[in-house]
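Colleague: quick one, what's the 3D model for this:
(one chain, ligands or ions: 1)
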Amino acid sequence: MNINTSNNHDNGEQDQKGVSKKRYMPLLLINYTCLFLGSVSSSLLSKYYFNHKGSNKWVSTWVQSAGFPFLLLPVFLPYYLFQCTQRKPFTRFTPRILSLSIFIGLMLGLNNLLFSWGNSYLPVSTSALLLSSQLVFNLILSAIMVKQKITFTNLNCVILLTLSSILLALGSNHDKPQDLTPTKYMIGFVATIGAGLLFALYLPIMEMIYKKVYCYAMMIEMQLVMELSATILASVGMVWDGGFTEMRKESKEVFDKGEGVYWVTMITNVVTWQLCFMGTAGTVFLTCSLTGGICMTALLGLNVLGGVLVYREDFGGVKIVSTVMCGWGFCSYVYGMYVNNHMMKLLDDHKQNINPSIEMAQPQPQPQPHSDLHLDLGFEQIN
Ligand SMILES: Nc1nc2[nH]cnc2c(=O)[nH]1
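Modeller: I've put the predicted structure just below:
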């Protein structure tokens, strides 16, 4: 799903393009795998935490970002240990990039809080229904902010995934917790809509900023700063609300699987959330914000299947239809992108075969900041 192919095509530097293309697919595959594994496992582990009497919204906010130190490995190891890159970490990391990363990190931290708050109050059905709106917001905001083209492929996918979430919500209407008061319902409702809106805004903002980021390694560095800022926000909330004390109490007295299992659940959840967000950021960087949003929303649907397989939840007729629609919407998007890329490649080859002299005579467009360089893993050109 190389949305940036058009940019790559714009660039005349065949050699560099060849190297980039060689790295592009493996890198994209790694990011999709992180996103898939991270989203499914973090959702299952969060559910495990809530199912076994864990209930603190600050704890579940904190675990979403607290794994940021793991990102130190991909930031520093390639340069200092493997010596497979010439670019020193944080080279050309300007104060502007730093402040933007801190700002987006705080925004992500707020999203994490709203997401956990909504999840802790609302039944799965209602939060799935409300979160389905994020994809529509995402499409609209991407069209406005990053000039995302609205095509049959992406509109079809957004409609199918949104309908799939609505069906899912209708199909699990009976999952209401008994202690859900009208006030809690209202708070959960507003928090989830807020999370959906923030997430829909976060993705195109990231895409805009990534246009100024010249290599993949720098994107990981930004991600590290973002997750650190989100963790500081969550830690302030934890201290203010007694979350760290609550965590110890929960592990010893509340969590019904015992203290050891509590900490294993927490630590693995910390790791899986990092995989999920790293995969999302990498997907947005390598493709576009809409693809990131589509993957996240499709995975929300797939997480239902995870619940059925792992926790033996009901899987009635409506959930089956919802899952099929979700898979169908996602596959049609992937297929549409594949056909699009294939056509572009054919057109490009055709143009070069028919009249190479015209190609040569035409002024070459300047490389876009987000074109081929961004696929570089961190090698800086030394001229
Ligand atoms: N708002 C929002 N936050 C998330 N955090 C992890 N996944 C999501 C999502 O799909 N939406």
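Colleague: what pLDDT is listed against V318?
Modeller: Listed pLDDT for V318 reads 76.
Colleague: what does the stretch 151-300 of the chain put close to the ligand?
Modeller: Contact residues, the stretch 151-300 of the chain versus the ligand (C-beta under 6 Å from any ligand atom): A195, G196, F199, M296, L300. Just so you know, the C-beta spots here come from the backbone N, C-alpha and C atoms, and that holds for glycine as well.
Colleague: from those, list the buried ones, please.
Modeller: Neighbour-count burial (16 or more other C-beta atoms under 10 Å) is assigned, among these, to A195, G196, F199, M296, L300.
Colleague: can I get the residues you listed in TSV including distance to L130, pLDDT and secondary structure?
Modeller: Below are these laid out as TSV (distance: C-beta to C-beta, whole Å; pLDDT from 0 to 100; DSSP: H, G, I helix; E, B strand; the rest coil):
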residue	distance to L130	pLDDT	secondary structure
A195	8	93	helix
G196	6	91	helix
F199	12	93	helix
M296	14	85	helix
L300	11	77	helix
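Colleague: where along the stretch 151-300 of the chain do the strands fall?
Modeller: Counting by DSSP state E, counting those that start in this stretch, one finds no strands in the stretch 151-300 of the chain.
Colleague: now the helices for it?
Modeller: Ranges of helices in the stretch 151-300 of the chain, per DSSP state H, counting those that start in this stretch, are 152-171, 182-210, 216-240, 243-249, 259-286, 289-311.
Colleague: now distance to G317 too, for the ones you listed, in TSV please.
Modeller: Supplementary listing: the helices of the stretch 151-300 of the chain in TSV, determined by distance: least, C-beta to C-beta, whole Å:
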stretch	distance to G317
helix 152-171	8
helix 182-210	26
helix 216-240	39
helix 243-249	40
helix 259-286	30
helix 289-311	13
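Colleague: and of these, who's closest to S41?
Modeller: Between S41 and those, the tightest spacing by C-beta to C-beta is seen for helix 259-286, at 4.2 Å.
Colleague: list the helices and strands the closest one packs on?
Modeller: Here helix 259-286 touches helix 14-51, helix 57-65, helix 182-210, helix 216-240, helix 289-311, going by 3 or more C-beta pairs under 8 Å, 6 or more residues apart in numbering; DSSP states H and E.
Colleague: re earlier: which single one of the buried ones among the residues of the stretch 151-300 of the chain next to the ligand is nearest to L73?
Modeller: Of those, the one sitting nearest to L73 (C-beta to C-beta) turns out to be M296, at 23.8 Å.
Colleague: grab the nearest non-local neighbour of the residue nearest to the spatial centre of the chain.
Modeller: The centroid of the chain falls nearest to T280 when counting by C-alpha atoms, centre = their mean (2.5 Å). Leaving aside its chain neighbours, T280 sits nearest to G292 (5.3 Å; criterion: C-beta to C-beta, 6 or more residues apart in numbering).
Colleague: tell me, how many residues neighbour the one you found?
Modeller: Neighbourhood size, G292 [other C-beta atoms under 10 Å]: 28.
Colleague: what's the spacing between C331 and the ligand?
Modeller: For C331, the distance to the ligand equals 19 Å [C-beta to the nearest ligand atom, to the nearest Å].
Colleague: quick one: residues contacting that residue.
Modeller: Applying C-beta atoms under 8 Å, 6 or more residues apart in numbering to C331 gives no contacts.
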